[in-house]
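S.K.: take a look and give me a structure for this.
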Amino acid sequence: MAAYDQGSMFFRGQWEYCSTYDPGDVAVRAGISFVAVRQSAGENPLDAASEDYWLALGSPSAVPGLSNHNDLDGREMPDQHPLSAISGLLSALGGKVNISDINVRNRGTFPSIEALEAAYPTDEPGASAYVNDEGDMKFYLWNDDEQEWQDSGASGVFVAEVNGMTGPAVVLTASDVSAVPVSMINVPGGVPGLDANGRIPISVLPEFSIS
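M.R.: This is a model prediction of the structure:
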């Protein structure tokens, strides 16, 4: 079996028959990640004859774990991996929150971290806030384990508020900006749309006669 440097792996995406792969390249085939151990082209990682070219990540020869998807315990369906089978995943996900929670629990913008701490000396998981650090806007998250506000490392220009709504990912609806929803165009009780020439199509005009 050829050797490769585990610290120099390069993700190549889905395996492609016509592509050339070098040692350390990682490709996905049928939902399984494989690392190339020698240069190849057209060697299907799933074929037994390709074992000299590819190594399934998670196999004993690559990193500790299982090489065969069917050997995983706790699968509810043939194509489902239990989270517990992926080393470290559950602990890595612990304490994480949905982006929607961050949007709802954003506390606004503060001139300093001291001002934020004074306004919210304690908070809940998912709480966030913006701090203007001498003109550099920083995004802070509440760390419930440490019971303190921590700099997320993200800085620059953020959307602090749009039409009264705050959060790093503000989503506005038509009613938020007093616009007409697309569903109300060219329907009874709605408004007429415009054609490619910027005119109201005859098809949406009411019947009328000229005498």
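S.K.: and the gap between residue 205 and residue 199?
M.R.: 11 Å (C-beta to C-beta, to the nearest Å). All C-beta spots, glycine's among them, are computed from the backbone N, C-alpha and C.
S.K.: got the CA coordinates for stretch 9-18 in CSV?
M.R.: Extracted C-alpha coordinates of stretch 9-18, given in CSV (Å, rounded to 0.1, in the frame of the first residue of the first chain):
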residue,chain,number,x,y,z
MET,A,9,-5.1,15.9,1.8
PHE,A,10,-6.9,18.0,-0.8
PHE,A,11,-10.7,17.6,-1.2
ARG,A,12,-11.7,17.2,-4.9
GLY,A,13,-15.5,16.7,-4.5
GLN,A,14,-17.4,13.9,-6.3
TRP,A,15,-15.2,11.3,-8.0
GLU,A,16,-15.1,11.7,-11.8
TYR,A,17,-14.0,9.0,-14.2
CYS,A,18,-12.1,11.3,-16.5
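S.K.: next, the buried residues of that stretch.
M.R.: 9, 12, 15 (16 or more other C-beta atoms under 10 Å).
S.K.: now these in CSV, please, with extra columns for distance to residue 119.
M.R.: Supplementary listing: these in CSV, determined by distance: C-beta to C-beta, whole Å:
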residue, distance to residue 119
9, 45
12, 48
15, 52
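S.K.: filter the residues you listed down to the ones in strands?
M.R.: residue 12 (DSSP state E).
S.K.: ranges for the helices of the chain?
M.R.: Ranges of helices in the chain, per DSSP state H, are 89-93, 99-104, 113-119.
S.K.: now the longest one: mean pLDDT?
M.R.: Mean pLDDT, computed over helix 113-119, is 94.
S.K.: what packs against it?
M.R.: Here helix 113-119 touches strand 106-110, strand 128-133, strand 148-156, going by 3 or more C-beta pairs under 8 Å, 6 or more residues apart in numbering; DSSP states H and E.
S.K.: and if we set it to 10 Å?
M.R.: On a contact count with 3 or more C-beta pairs under 10 Å, 6 or more residues apart in numbering; DSSP states H and E, helix 113-119 meets strand 106-110, strand 128-133, strand 136-143, strand 148-156.
S.K.: now render those strands as CSV, adding distance to residue 118, mean pLDDT and mean neighbour count.
M.R.: Below are the helices and strands packed on helix 113-119 laid out as CSV (distance: least, C-beta to C-beta, whole Å; pLDDT from 0 to 100; neighbours: other C-beta atoms under 10 Å):
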stretch, distance to residue 118, mean pLDDT, mean neighbour count
strand 106-110, 9, 85, 18
strand 128-133, 12, 84, 20
strand 136-143, 14, 84, 17
strand 148-156, 11, 79, 13
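S.K.: picking that back up, which among the buried residues of stretch 9-18 gets closest to residue 141?
M.R.: residue 9 (30.1 Å; C-beta to C-beta).
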